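Asks: Mind looking at a prediction? Sequence and model below.
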Amino acid sequence: MMHARGFTQSLKFALGGPNSDFMLTRTSGIDPYSDFRHSPRRAERDAKANSSAGFTLIETIVWIAVFIAAMVAVVSTLLYFYRTNAYVLEQANAITSAQRGLEQVVRTIREGAYSSQGAFPIVSIAANDFVFYADIDSDALIERVHYYLAGTDLMRGVIEATGNPPDYTGPETASVIADYVRNTEEGITTFRYYDELGAEIVNYQNWGTVRFVKVALAVNINPEKLPEQLTLDSSASIRNLIGK
């Protein structure tokens, strides 16, 4: 049946037969499902769902924070390692470079030869300066080679033989053979010279008696820091003067 507007409306459903009646009564303006939506059990489920979603967000934030902290720790460790070991690495590189330079010096001394003019292989000798002739580029002419210290650099100057007959009046081309060499400040002699009997030559005017040369390089990029300097040394006989 239906009443006047604003009053109760009723609808009768037959469920399972004429003896099973279910009456749903809706009052105008009132939601019959409001009790279900706002029941304590539904509210509890909604609260749990919201709590679960909120906890997941917190976990994400915490995970990001932990990740950032871990990355900062790794980067800080790498920077600390670099700062504390940079000097050691640089020193090792300087020593490696000096070893290559020393090998070149000794090899060139060993190949000392009479000049393209026929002059004696040795031009002059000194504690930190050595001038002689040698073939350093395997061509038909002999070069004038000059090894010397310039500050903390071991230098090599080369003059090519030019003209006919050849001479050595051209400019000297210089290059760095080794750096961070501390021979001067440490009082270390770069070149020591010996005669055919093995006696050291202390009078540098006797350059004509040189047959054997020792070379020493003290390498240290910073004497005020550890590790201490490393002194490299090697030697060579001038082959073209052996027995002469």
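Replies: Yep, it's here.

Asks: ok, Thr152 - contacts?
Replies: Applying C-beta atoms under 8 Å, 6 or more residues apart in numbering to Thr152 gives the contacts 179-182, 184. All C-beta spots, glycine's among them, are computed from the backbone N, C-alpha and C.

Asks: His141 and Asn128: what is the separation?
Replies: One thing to correct before we go on: residue 141 is Leu, not His. 27 Å (C-beta to C-beta, to the nearest Å).

Asks: quick check: mean pLDDT across stretch 101-114?
Replies: For stretch 101-114, mean pLDDT is 97.

Asks: so how far is Glu228 from Gly187?
Replies: Note on Gly187: its distance to Glu228, by C-beta to C-beta, is 15 Å.

Asks: Pass me the low-pLDDT residue ranges in this protein, would you?
Replies: In the predicted model of the chain, residues 1-55, 84, 226-227 satisfy pLDDT under 70.

Asks: Helices of that one, residue ranges please.
Replies: For the chain, the helices defined by DSSP state H cover 34-37, 40-110, 183-186.

Asks: what would those helices look like in CSV with mean neighbour count?
Replies: Listed next are the helices of the chain as CSV, based on neighbours: other C-beta atoms under 10 Å:
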stretch, mean neighbour count
helix 34-37, 10
helix 40-110, 12
helix 183-186, 15
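
Asks: Let me have those in JSON lines, adding distance to Tyr133 as columns.
Replies: Listed next are those as JSON lines, based on distance: least, C-beta to C-beta, whole Å:
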{"stretch": "helix 34-37", "distance to Tyr133": "107"}
{"stretch": "helix 40-110", "distance to Tyr133": "10"}
{"stretch": "helix 183-186", "distance to Tyr133": "24"}
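
Asks: Of all the ones you listed, which one is nearest Ser124?
Replies: helix 40-110 (14.0 Å; C-beta to C-beta).

Asks: so how far is that closest one off the chain centroid?
Replies: Distance of helix 40-110 from its chain centroid, counting by C-alpha atoms, centre = their mean, to the nearest Å, is 16 Å.

Asks: packing partners for that helix?
Replies: Counting contacts by 3 or more C-beta pairs under 8 Å, 6 or more residues apart in numbering; DSSP states H and E, helix 40-110 is packed against strand 129-134, strand 143-150, strand 153-159, strand 173-178, strand 212-219, strand 230-237.

Asks: Can you point out the buried residues in the first one?
Replies: When neighbours are counted by 16 or more other C-beta atoms under 10 Å, the buried residues of strand 129-134 are found to be 130-134.

Asks: next one: the second one
Replies: Buried residues in strand 143-150, counting neighbours by 16+ other C-beta under 10 Å, are found at 143-149.

Asks: cool, and the fourth one?
Replies: In terms of neighbour count (16+ other C-beta under 10 Å), strand 173-178 has its buried residues at 177-178.

Asks: Kindly export that strand (C-alpha atoms) in CSV.
Replies: Coordinates of each C-alpha in strand 173-178 appear next as CSV, following Å, rounded to 0.1, in the frame of the first residue of the first chain:
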residue,chain,number,x,y,z
THR,A,173,115.6,20.3,-27.7
ALA,A,174,114.8,19.6,-24.0
SER,A,175,112.3,17.2,-22.4
VAL,A,176,111.6,16.0,-18.9
ILE,A,177,112.8,12.5,-18.2
ALA,A,178,111.7,12.3,-14.5
